[in-house]
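Engineer: Sequence isn't available, so here's the structure alone:
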């Protein structure tokens, strides 16, 4: 279909918690309870953007996603990878009653 697409492309469908138990990725998506000041989707985007980006070395060198964090972990650490920001944004948008998909 796409001759320029990477040959070894992976489609991740699960993540592992700290104990090593596997869960389907959609379980990461839960609505966040946000303050009324973040009811506007543009403000939600800006809020998520302010969280520090950090990319694991393996993901940076090989381009492979090796780990996912839960949204509450990203918020407590105040940093996360690109995929963690995408999940957090989706959860925040769900929290303000907007349809959001990753």
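Structural biologist: That came through, no problem. As the structure is a computational prediction, the values presented were derived from the model and not from experiment.
Engineer: What is the burial count for the nearest residue to residue 94 once chain neighbours are set aside?
Structural biologist: With Cβ to Cβ, 6 or more residues apart in numbering as the criterion, residue 94 has its nearest non-adjacent residue at 4.1 Å, and that residue is residue 31. Every residue, glycine included, has its C-beta placed from N, CA and C. Residues near residue 31, counting by other Cβ atoms under 10 Å, number 16.
Engineer: looking at it, residue 31 is touching residue 90, isn't it?
Structural biologist: No: with contact defined as Cβ atoms under 8 Å, residue 31 does not reach residue 90; the gap is 9.6 Å.
Engineer: can you map out the helices along the protein?
Structural biologist: 41-49, 57-62, 71-77, 82-95 (DSSP state H).
Engineer: Could you single out the most deeply buried of these?
Structural biologist: Stretch with highest mean neighbour count among the helices of the chain: helix 82-95 (a mean of 20; mean count of other Cβ atoms under 10 Å).
Engineer: Residues in contact with that helix: which ones?
Structural biologist: The contact list for helix 82-95, computed with Cβ atoms under 8 Å, 6 or more residues apart in numbering, reads 28-34, 38, 41, 44-45, 47-49, 51, 53, 55, 65, 68-69, 71, 74-75, 80, 99-102.
Engineer: quick one: that helix to helix 41-49, angle?
Structural biologist: On the basis of axes from the mean of the first three to the mean of the last three Cα atoms, to 10 degrees, helix 82-95 is oriented at 150 degrees to helix 41-49.
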